[in-house]
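Chemist: this is a predicted model, with the sequence first.
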Amino acid sequence: MPIRTEETGARGEVRLRVWNLPLRLFHWGLAASFVTAWLTLDDRYRDIHVFAGYVMAGLLLFRLLWGVIGGPYARFRDFAFGWREARDYLKLVLQRCPPRFLGHNPAGSWAIYLLLGLGLLIAITGLLTLGGEERHGPLAGWLSFAQGEMAHNLHELLAWSMLGLVAVHIAGVVVESLLHRENLVAAMLTGRKPSKPGMVSARAGRPTGILMSVAIAAFGLSWFHGYLVETPERPYRPFSGIELPDQALWREECGACHLAFHPSLLPARSWRTMMAGQSSHFGEDLFLERDSADEIERFLLENAAEQALTEAAWKINRSIAATETPLRITETPYWVDKHKEIPGRVWEDPRVNGKVNCASCHLDADAGTFEDAAMRIPVDTGGALKGLWEAMTSRFRLDSSHAGIFNPKG
Amino acid sequence: MNTKPIGIAALLFALPFYAQADAVSELEAQYRAKGAGPFSAAAGEALWNKGFIDAKSGKERKCTLCHTTDLTRPGKHVRTGKVIEPMAPSVNPKRFTTVKKIKKWFVRNCKWTLGRECTAQEKGDVLAFLKNL
């Protein structure tokens, strides 16, 4: 049975502590990590996005514990309202006379349970995506790329649901603040609410709060310290991919005139066609001797995109129609889709110098891994908000070849 | 005093230069066998700086487009931007040490720059120019 912390009449003069420090830190920490995760949708900020996810998961697990030992108002049993109670409360809201609760009201409680549940599911699907698609995190390699992508789709659907629920939660806070003429946002900042004497007060929980803050700060420092020690020659790469197969001859011959594009970036039929046409290789006669050409071709075919050595390889290969044999990586539909937001002036900039120079932005182009966070566009692409909008809406646009639940054709 | 290790070290250090002399003289012998020679560094330098109009694009092509005029410094591939190691053996001792590589690059780069393969005389002249840089 929930403790009835509702007050019906007027408020008294005392200002009770309702939300203790750990609970407030949880609330704003969750909000901040959720916003950060949305702001870092773009592949470039994958490390920040994953960090926000870990913080969110940690906070949610803490909240489960705090729901048992966190004292009055924070304990689940103090706001274990049934569905009927929530419905009855909402009816009273519609009549503009809902009772005032010091802790969570019955409708708000339901929002909290749903937010906790969604948050945990988002953390789980995020870990599955990280392990399946990116091959990082504790579940690295446990799932196939296809399973990772399924988790990714689910992750996005859940994140959108949570965004909707957050909107409902904020609307509820605004409505209740107006109806009861009290600032609930301020109450979540200070922890205090006006009350009549005799109601139970929460303990401050300062040691737990300090421990939480230190833990998050220490985690942040250990996660991002690479940025503090990086140099222009050795920029920090948050994620290091697996070491891909290499071949000295391939690197020397192909890498003499351009980046040694890793075999995993084109399907076998493309490499076969390219090596057969080595006498007119994009306007040049390569004049490779038979034995050299054969050795290089063997390496290219053994590690072609079909082998799915990386996420990029898997997605590039999947994006190409069986009837097509692209000779440029930049002609593959996956590449085109991933680079469609890049404005023309970026390619024209001398620091980038055209689409052939993967390494101008991809820090690990030479290794061939093309990790998400290993990306630095040397040109200011302007408007972070514009980029966010594009990232958020890319699924819904008709031109997108991004496969997913909203656009199954892709 | 035992000078043997120093002597061996000196030999090892000089090895690339011997290799270079070997590769270049082997090629020069092949060019002479085809009736070319004597070779002139001045003629090689003139060819190095000469422009040729590409029939397809109508644009001028020349060696210096990628290798630049200061051969002791790295060049830059004109289409891909890839850094090219310096041509001068004095700063890049690996240059002109392998017959196979010299042949390959002559075919590749003559075809692109001149629109045809270079003659034995032209190749001998360019090597005479480059080998002493």
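Modeler: That came in fine, so what should we check first?
Chemist: mind giving me the packing neighbours of the longest helix seen in chain A?
Modeler: Identified as the longest helix of chain A according to DSSP state H is helix A:145-180. Identification of packing neighbours for helix A:145-180 by 3 or more Cβ pairs under 8 Å, 6 or more residues apart in numbering or on different chains; DSSP states H and E yields helix A:21-39, helix A:83-94, helix A:106-132, helix A:184-190, helix A:311-319. All C-beta spots, glycine's among them, are computed from the backbone N, C-alpha and C.
Chemist: which residues touch A:His152?
Modeler: Contacts for A:His152 (Cβ atoms under 8 Å, 6 or more residues apart in numbering or on different chains) come out as A:Thr125, A:Thr129, A:Gly132, A:Glu133, A:Gly404.
Chemist: neighbour-wise, which one of these leads?
Modeler: A:Thr129 (26 neighbours; other Cβ atoms under 10 Å in any protein chain shown).
Chemist: roughly how far apart are that residue and chain B?
Modeler: A:Thr129 is 35 Å from chain B, where distance means Cβ to the nearest Cβ, to the nearest Å.
Chemist: would you list every one of the helices in the stretch 301-410 of chain A?
Modeler: Using DSSP state H, counting those that start in this stretch, the helices of the stretch 301-410 of chain A run over residues A:311-319, A:333-338, A:344-348, A:384-393.
Chemist: an error on my part: the question was meant for chain B.
Modeler: Ranges of helices within chain B are B:4-33, B:41-49, B:64-67, B:99-114, B:120-131, based on DSSP H.
Chemist: in chain B, which ranges drop under the pLDDT threshold?
Modeler: Low-confidence segments of chain B (pLDDT under 70): B:1-20.
Chemist: give me the pLDDT for the closest residue to A:Glu390 other than its chain neighbours.
Modeler: Ranked by Cβ to Cβ, 6 or more residues apart in numbering or on different chains and with sequence neighbours excluded, the top spatial neighbour of A:Glu390 is A:Glu341, at 5.3 Å. Note on A:Glu341: pLDDT of 85.
Chemist: so, low pLDDT: which residues of the stretch 151-300 of chain A?
Modeler: Scanning the stretch 151-300 of chain A residue by residue, none of them satisfies pLDDT under 70.
Chemist: which residues of it lie near chain B?
Modeler: Proximity of the stretch 151-300 of chain A to chain B, by Cβ under 8 Å from any Cβ of the partner chain, involves residues A:Gly255, A:Ala256, A:Cys257, A:His258, A:Leu259, A:Gly283, A:Glu284, A:Asp285, A:Leu286, A:Phe287, A:Leu288, A:Glu289.
Chemist: give me the buried entries from these.
Modeler: A:Ala256, A:Cys257, A:His258, A:Leu259, A:Glu284, A:Asp285, A:Leu286, A:Phe287, A:Leu288 (16 or more other Cβ atoms under 10 Å in any protein chain shown).
Chemist: residue contacts, the last one?
Modeler: When contacts are counted by Cβ under 8 Å, 6+ apart, A:Leu288 touches A:Glu253, A:Gln278, A:Ile296, B:Lys104.
Chemist: taking these together, which two end up most distant?
Modeler: A:Ile296 and B:Lys104 (13.1 Å; Cβ to Cβ).
Chemist: between the two, which is the more surrounded one?
Modeler: A count of neighbours by other Cβ under 10 Å puts A:Ile296 above the other of A:Ile296 and B:Lys104, at 23 against 19.
Chemist: let's verify the more buried one: helix, strand, or coil?
Modeler: helix (DSSP: H, G, I helix; E, B strand; the rest coil).
Chemist: so for it, what's the nearest residue that isn't a sequence neighbour?
Modeler: Nearest non-adjacent residue to A:Ile296, counting by Cβ to Cβ, 6+ apart: A:Trp250, 5.0 Å away.
Chemist: can you pull the contacts of residue 67?
Modeler: Here I'm looking at chain A. Applying Cβ under 8 Å, 6+ apart, the residues near A:Gly67 are A:Ala74, A:Arg75, A:Phe76.
Chemist: was after chain B, sorry
Modeler: B:Gly75, B:Ile84, B:Met87.
Chemist: same check on A:His180?
Modeler: When contacts are counted by Cβ under 8 Å, 6+ apart, A:His180 is found next to A:Pro98, A:Arg100.
Chemist: do you know how far it is from A:Pro72?
Modeler: Distance of A:His180 to A:Pro72, computed by Cβ to Cβ, to the nearest Å: 20 Å.
Chemist: now do A:Gly126
Modeler: On the measure of Cβ to Cβ, A:Gly126 and A:Pro72 end up 33 Å apart.
Chemist: looking at these two, which one has more neighbours?
Modeler: Ranked by neighbour count (other Cβ under 10 Å), A:Gly126 and A:Pro72 place A:Gly126 first, with 25 against 20.
Chemist: that one against A:Val55, yeah?
Modeler: No - assessed by Cβ atoms under 8 Å, A:Gly126 is found out of contact with A:Val55, at 11.7 Å.
Chemist: now list whatever residues contact both of those two.
Modeler: When Cβ under 8 Å, 6+ apart defines a contact, no residue borders A:Gly126 and A:Val55 alike.
Chemist: pLDDT value on A:Leu102, please?
Modeler: Reported pLDDT for A:Leu102: 89.
Chemist: relative to A:His180, how far out is it?
Modeler: Separation of A:Leu102 from A:His180 (Cβ to Cβ): 11 Å.
Chemist: A:Asp349 too?
Modeler: A:Asp349 sits 56 Å away from A:His180 when distances are taken as Cβ to Cβ.
Chemist: one more: A:Thr369?
Modeler: As judged by Cβ to Cβ, A:Thr369 and A:His180 stand 56 Å apart.
Chemist: how about B:Phe52, what does it touch?
Modeler: By Cβ under 8 Å, 6+ apart, the contact set of B:Phe52 is B:Glu60, B:Arg61, B:Lys62, B:Thr113, B:Leu114, B:Gly115.
Chemist: I'd like to know how many residues surround the fifth one.
Modeler: It stands for B:Leu114. Neighbourhood size, B:Leu114 [other Cβ under 10 Å]: 18.
Chemist: ok, back up a step: could I get the contacts of B:Phe52 as CSV with distance to A:Thr332?
Modeler: Shown next, in CSV, are these (distance: Cβ to Cβ, whole Å):
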residue, distance to A:Thr332
B:Glu60, 33
B:Arg61, 30
B:Lys62, 34
B:Thr113, 31
B:Leu114, 34
B:Gly115, 32
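Chemist: any of these buried? List them.
Modeler: Neighbour-count burial within these applies to B:Arg61, B:Lys62, B:Thr113, B:Leu114; the criterion is 16+ other Cβ under 10 Å.
Chemist: farthest pair in those?
Modeler: B:Lys62 and B:Leu114 (9.4 Å).
Chemist: and stretch A:177-196, which residues are buried?
Modeler: A:Leu184, A:Ala187, A:Met188, A:Gly191, A:Arg192, A:Lys193, A:Ser195.
Chemist: span of it from start to end?
Modeler: Using Cα to Cα, to the nearest Å, the end-to-end distance of stretch A:177-196 comes out at 18 Å.
Chemist: swap in stretch B:112-122?
Modeler: Distance across stretch B:112-122, first residue to last, is 15 Å (Cα to Cα).
Chemist: what's in contact with that stretch?
Modeler: Identification of contacts with stretch B:112-122 by Cβ under 8 Å, 6+ apart yields A:283-285, B:30-31, B:34-37, B:39, B:47, B:52, B:54-55, B:61-63, B:65, B:106-107, B:110-111, B:126.
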